[in-house]
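>>> Kindly return the folded structure for what I paste below:
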Amino acid sequence: LDALTKAAQLVPELTERKRLLDMHTSVCTALLSAINERELDNLFSLEGAILSGSVYNAKSALLQAFQPEAKGSAQDKVRLFLVYYLCNPTLSDSE
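Numbering: from 1, shown residues only. You can find the predicted model right below:
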């Protein structure tokens with residue numbers, strides 16, 4: 001009976017813990033959905049490769065990311081372009 005009383009006293013605390021876990025899980029699920037929808041992981045990798053100079057043909061990769069069917073918001077694409085532009089200060093006017 002004593003164990004049952006202790007368990008009953010823990011119910012409110014455990015309920016609150018579950019509510020917090022559910023809330024955090026919902027936030028994480030929404031973030032993961034947004035990342036996948038916009039393919040932010042790919043854009044982040046491309047930005048990192050441009051920054052480090054490890055991408056073989058950055059201009060080609062950039063143009064591919066700007067295709068109409070490419071994922072990512074306009075802000076994502078502007079950020080990618082700015083990274084490219086800032087890493088290539090000797091761009092010609094035609095580029």
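>>> Please export the C-alpha coordinates of the worst-scoring helix or strand of the chain on mean pLDDT as CSV.
Averaged element by element with mean pLDDT, DSSP states H and E, the chain has its least confident helix or strand at helix 58-65 (a mean of 87). In CSV, the C-alpha atoms belonging to helix 58-65 read as follows (Å, rounded to 0.1, in the frame of the first residue of the first chain):
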residue,chain,number,x,y,z
ALA,A,58,31.7,26.1,-57.0
LYS,A,59,30.1,28.1,-59.8
SER,A,60,28.4,25.0,-61.3
ALA,A,61,27.2,23.9,-57.8
LEU,A,62,25.8,27.4,-57.2
LEU,A,63,24.0,27.4,-60.5
GLN,A,64,22.5,24.0,-59.8
ALA,A,65,21.3,25.2,-56.4
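>>> since we're on residue 62, how many residues are nearby?
For residue 62, the neighbour count with other CB atoms under 10 Å is 19. In short, each C-beta sits where N, CA and C put it, glycine included.
>>> hang on, isn't it packed against residue 80?
Yes - contact criterion CB atoms under 8 Å: residue 62 and residue 80 qualify, at 6.7 Å.
>>> following the helix or strand containing residue 30, which helix or strand comes up?
In this structure, residue 30 sits in helix 2-38 according to DSSP states H and E. With elements assigned by DSSP H and E, the helix or strand that comes after helix 2-38 is helix 40-52.
>>> hmm, who's touching stretch 64-76?
Here stretch 64-76 makes contact (CB atoms under 8 Å, 6 or more residues apart in numbering) with 37, 38, 39, 40, 42, 43, 46, 77, 80, 81.
>>> now do stretch 24-39
By CB under 8 Å, 6+ apart, stretch 24-39 touches 40, 41, 71, 72, 73, 76.
>>> and for residue 62 and residue 80, which residues touch both?
Listed as contacting both residue 62 and residue 80 by CB under 8 Å, 6+ apart are 46, 50.
>>> ok, residue 63 - contacts?
Taking CB under 8 Å, 6+ apart as the test, residue 63 contacts no residue whatsoever.
>>> quick one: terminal-to-terminal distance for stretch 51-69?
Stretch 51-69 has its terminal residues 24 Å apart, counting by CA to CA, to the nearest Å.
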